[in-house]
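Colleague: coordinates only, sequence not included:
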């Protein structure tokens, strides 16, 4: 098999010299308080849609939704701005978008609806919307969703890998109950759960993954349908906090890769301190 | 919001509306137990009518008990809709101040909850419906551990429902009822043991 990548590389470096692979990279800024407001960074919320015009969400640069075709297959269409009652029947996507906006007020927000009326529990719609978002090359994709269905496992893993290698940072929510679900379990994504601390800016790295980061998600005020807000709890709402932080990082250093972003979050987490060189463990 | 988004009388004959006496007893036991566990003003159980793609109130304990059973609304809408489509439990507070439910449930029942916990009735890889707890005691609100508890109970209830469905054809109703109620009662005993005293359910 001679499968190659977009850059023409195969399984080993052939017909090229190291100087042919020169790259210009960014290093992440150390202090999170110095990270940008996310300006210029495109964040896509894959969820139940986003209510355009919600005061906590602000401008939404694009609204898309998964729809069935005549032959039953699914594809993504531009739905245009959708107001109260049609943009997001559940409120969940609007809540996530509002949190991204709060954390990274300058970012460009996009929405693709994969759940809600007409798509009750359809993993196929989730896959279609996520594939579309990865193909669009969004800088950050927020996925406060997961599926427990094993039949979607390999496709999701492939999509997560595609995102990882093409520069899309996929931020995925851990399930709220201790069940097996995906794609948050994959190492190629940034997985998020909630902590219980009363600190709206605190995020932590989990030294015992698979869930890698903990962020504010308990008792948080979030945007909801009809221009309203509610107070709620769940990993779903910790995830867009980290998505927003990713957007802020990328706004400061646009060339950061997904693995650099995860590294920067790791080093910036409140519970991580830099040890003396050459030491291991608790030192 | 269009009229179709509000509650309408149950007129469908889909699977979610065909609860027999064993199912009715089981469902009522589930909501009464959930209400007791969380010291709630009400608890309701909604099943997903897949043919109509609607959620149907099948059992209610407390506020709305007289009027809600049989009502239905489009699946995939509102807090219960989110729980159904995502398979994730959820807790929400400050609903009364925000006017939540004013156009849906509350207009039909005259009761406006301030807080709501909801968990999926998940069995294997299917979500059969949603178990809701309205206005639980203050210490149950916005708490991850309480949400875990509701999710655990909802999963048990879903398993019992599945037992009823699977054995409907090969066991007598009384045997099915006895086995299912036994399951729910056993879990109730476990959950209520050591729970904090139940006080007022808040405003």
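Modeller: Noted; the coordinates are in hand. This one's a predicted model, so the numbers in the text were calculated from it and none came from an experiment.

Colleague: helix or strand right after the helix or strand bottoming out on mean pLDDT in chain A?
Modeller: Within chain A, confidence by mean pLDDT, DSSP states H and E is lowest for strand A:229-233 among all helices and strands, at a mean of 90. Remark: after strand A:229-233, the chain's next helix or strand is helix A:235-252, criterion DSSP states H and E.

Colleague: thinking again about what came up before, just checking, what packs against the least confident helix or strand of chain A?
Modeller: Here strand A:229-233 touches helix A:92-103, strand A:220-223, strand B:90-93, helix B:95-98, going by 3 or more CB pairs under 8 Å, 6 or more residues apart in numbering or on different chains; DSSP states H and E. Any C-beta I mention is one placed from the backbone N, CA and C, and that applies to glycine too.

Colleague: return the most buried member of these.
Modeller: helix A:92-103 (a mean of 29; mean count of other CB atoms under 10 Å in any protein chain shown).

Colleague: low-confidence stretches in chain B?
Modeller: Applying pLDDT under 70 to chain B picks out residues B:1-20, B:97-110, B:139-144, B:168-203.

Colleague: which parts of chain A are strands?
Modeller: Along chain A, counting by DSSP state E, strands occupy A:42-47, A:62-68, A:74-78, A:108-113, A:140-143, A:169-173, A:190-195, A:204-205, A:213-216, A:220-223, A:229-233.

Colleague: and those strands as a markdown table, adding distance to residue A:128?
Modeller: Output for those, formatted as a markdown table (distance: least, CB to CB, whole Å):
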| stretch | distance to residue A:128 |
| --- | --- |
| strand A:42-47 | 10 |
| strand A:62-68 | 5 |
| strand A:74-78 | 4 |
| strand A:108-113 | 9 |
| strand A:140-143 | 13 |
| strand A:169-173 | 16 |
| strand A:190-195 | 22 |
| strand A:204-205 | 32 |
| strand A:213-216 | 27 |
| strand A:220-223 | 25 |
| strand A:229-233 | 27 |
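
Colleague: which bits of the stretch 151-283 of chain A sit near chain B?
Modeller: A:175-177, A:194, A:196, A:218-219, A:221, A:224, A:226, A:228-234, A:236 (CB under 8 Å from any CB of the partner chain).

Colleague: switch the cut-off to 7 Å
Modeller: For the stretch 151-283 of chain A, the residues in contact with chain B (CB under 7 Å from any CB of the partner chain) are A:175-177, A:196, A:218-219, A:228-234, A:236.

Colleague: sheet-wise, list the partners of the least confident helix or strand of chain A with their directions.
Modeller: strand A:220-223 (antiparallel), strand B:90-93 (antiparallel) (DSSP bridges).

Colleague: which among the helices and strands packed on strand A:229-233 is found nearest to residue B:158?
Modeller: Nearest to residue B:158 among the helices and strands packed on strand A:229-233 is strand B:90-93 (16.3 Å), distances taken as CB to CB.

Colleague: name the nearest residue to residue A:26, ignoring sequence neighbours.
Modeller: In space, residue A:26 comes closest to residue A:253 once its chain neighbours are excluded; the distance is 3.6 Å by CB to CB, 6 or more residues apart in numbering or on different chains.
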